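# Okay, predicted coordinates and the sequence, questions at the end:
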Amino acid sequence: MFRDYLMNKMLLRNIGLIYGEINNYSKQPGHFTPYFQFEIGPYRDDFILYFPKLPNAILYYNSIFLKLWAYKPQDSVKYIESHYNLYPDKNDFLLFLKRELQHRTAQLRKGSNKESISSIGLDWVNEKLARQKDEQKISTYNQFIRQDFTVIVKNELQQVLPPNNSPAQMPLDQLTDAIARNLEAKASAILDNTETKIMELADKYEIGEIQLTNQEKAEKLIALFLCLKNLTGRPNRRNKTGEYLFSAMDLNDIANILRLHFIPWKGQKLDSVAKRIYAVNATYKTDDPDLRELSKALQKYFFQ
């Protein structure tokens, strides 16, 4: 085949790849990962993809998003959810969809229906990924708690049981009361210890060591992040409030950035850093001359 000939000629292959005339996907049918369910046969009005014959990779991937863009917002989410529920590797599905939507959205006309539907799809993916991350944290949290409680229960049994005795030989009420007496007092210590363990575990990954030269600038750094959080472009006919720099960002996001990457806040609990940010935010005045100049400069940089 002509493509096989090109791919085996280094010069021709590189020219074709540079100018987008060829790609790394085989034109042979079925050479793709079936993230979205499909069938070979006549078209039906449901969420399945239908093809008259087995498609190649490019046709298959393009068909996923052509069908997505043909739905209204609510049905577009149902379409995605139906395939998400059928695909076994949920994380792989979410990452595929997120990257594809980001790539394809960048090529769409601003304000178009396709861009709007893609944005809704991305919001859905990000919510799922955030929930997935929370579930992993809860699972780790429960694991730590289970381990600590197991140790405590074993220790309490050793203390309340007579030598050479077993739990089955002791009345259940008496055994329960004996263990519960000290368990409640130790429970809060377990929870605090677990939170510390999780923070230490999180701090081992993807963290920075950014050090401020002057610690007195710490509040100004927080104010800079607040300024970026609230930054918008100039209002226009289509968007009367102006386009935000970040589609989603709250004070806890700023707290996580500071706690994980900046020395002054490293090792502190999230709520401690968040309280400091809330305090700075309470005194944050948009009409402050310095902040107003900063906002203007950032607005010009990002939106002009």
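Arrived safely, thanks for sending.

# now what about stretch 288-303, what contacts it?
For stretch 288-303, contacts defined as CB atoms under 8 Å, 6 or more residues apart in numbering pick out 223-224, 227-228, 230-234, 243, 245, 284-286. C-beta here means a position set from N, CA and C on the backbone, and glycine is covered the same way.

# The stretch 1-150 of the chain: helices as residue ranges?
Listed in chain order, the helices of the stretch 1-150 of the chain (DSSP state H, counting those that start in this stretch) span 2-7, 10-18, 57-69, 73-86, 90-105, 113-160.

# what about the stretch 151-300 of the chain, any weak spots by pLDDT?
Under the criterion pLDDT under 70, the flagged ranges of the stretch 151-300 of the chain are 151-207, 236-241, 286.

# where along it do the helices fall?
172-203, 218-230, 251-261, 270-283, 289-303.

# can you list the domains in the protein?
2-125, 132-203, 215-303 (automatic domain parsing).

# and the longest one, average pLDDT?
Per-residue pLDDT values over domain 2-125 give a mean of 84.

# Stretch 291-303: which residues count as buried?
Within stretch 291-303, the residues scored as buried using 16 or more other CB atoms under 10 Å are Leu291, Leu294, Ser295, Gln299.

# how far away is the first one from Gln299?
Translated: Leu291. Distance, Leu291 to Gln299, using CB to CB, to the nearest Å: 12 Å.

# Which two among the contacts of stretch 288-303 are spaced furthest apart?
Farthest apart among the contacts of stretch 288-303 by CB to CB are Glu243 and Lys285. That separation is 23.2 Å.

# Neighbour count: the two, which is higher?
Between Glu243 and Lys285, Glu243 has the larger neighbour count (other CB atoms under 10 Å), namely 16 against 9.

# does the more buried one really touch Pro235, like I thought?
No: using CB atoms under 8 Å as the test, Glu243 is too far from Pro235 to be in contact (9.2 Å).

# Weed out the non-buried ones from the contacts of stretch 288-303.
Ala223, Cys227, Leu228, Asn230, Leu231, Thr232, Gly233, Glu243, Leu245, Tyr284.

# quick one: which of those residues is nearest to Tyr60?
Distances from Tyr60 to the buried ones among the contacts of stretch 288-303, taken by CB to CB, are shortest for Glu243, at 34.0 Å.

# How about that closest one, nearest residue that isn't a chain neighbour?
The spatial neighbour of Glu243 that comes closest, neighbours along the chain excluded (CB to CB, 6 or more residues apart in numbering), is Gly233 at 4.5 Å.

# for His261, same thing?
Gly208 (3.5 Å).

# can you tell me which residues contact that neighbour?
Gly208 makes contact with Leu260, His261, Phe262, according to CB under 8 Å, 6+ apart.

# Mind giving me the ChimeraX select for those, buried ones only?
Here is the ChimeraX command that picks out the buried ones among the contacts of Gly208, judged by 16+ other CB under 10 Å:
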select :260,262
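
# Would you convert the contacts of Gly208 into CSV that also reports distance to Phe36?
As requested, those are exported to CSV (distance: CB to CB, whole Å):
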residue, distance to Phe36
Leu260, 35
His261, 37
Phe262, 42
